[in-house]
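A.B. asks: Predicted model, plus sequence, below.
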Amino acid sequence: MEVKNYIKIHNKESFFKKRYPFADPPSLDEKKFCIHCNEIITVGDYKVELLDDKKYIVCPNAPECDGSVIDWFNLTEEEIKEMTK
């Protein structure tokens, strides 16, 4: 079994903005849908996995979920309300 190593980030907003792989990073309080664990997550709850001396933004539900930032999708307010009923 592979042991995952997560590191603490002191300035999560700065780290996230610098390493977000797409244009226009979302705010840390934004909700997204992780397609790996099928959960609504809050962006700012992300974890950082250290693998081969590289840092990866991963799902807050890691290690149970193996999703990363590229697996998070936008939801409308209606979709969020419907999914949290």
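C.D. replies: That came through, no problem. All values reported here derive from a predicted model rather than from experimental measurement. Numbering: from 1, shown residues only.

A.B. asks: For the chain, which segments count as helices?
C.D. replies: Listed in chain order, the helices of the chain (DSSP state H) span 12-19, 77-83.

A.B. asks: Just send these back as a markdown table, with mean neighbour count and mean pLDDT too.
C.D. replies: C-beta here means a position set from N, CA and C on the backbone, and glycine is covered the same way. Formatted as a markdown table, the helices of the chain follow (neighbours: other Cβ atoms under 10 Å; pLDDT from 0 to 100):
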| stretch | mean neighbour count | mean pLDDT |
| --- | --- | --- |
| helix 12-19 | 14 | 96 |
| helix 77-83 | 11 | 83 |
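
A.B. asks: Quick one, which of those gets closest to residue 62.
C.D. replies: Nearest to residue 62, of all the helices of the chain, is helix 12-19, at 14.9 Å by Cβ to Cβ.

A.B. asks: if we can go back for a sec, looking at the helices of the chain, which is closest to residue 41?
C.D. replies: That would be, of those and by Cβ to Cβ, helix 77-83, which comes in at 11.1 Å.

A.B. asks: sorry, back to before: now tabulate the helices of the chain in CSV and tack on distance to residue 56.
C.D. replies: Formatted as CSV, those follow (distance: least, Cβ to Cβ, whole Å):
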stretch, distance to residue 56
helix 12-19, 9
helix 77-83, 26
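
A.B. asks: Good, wrapping up.
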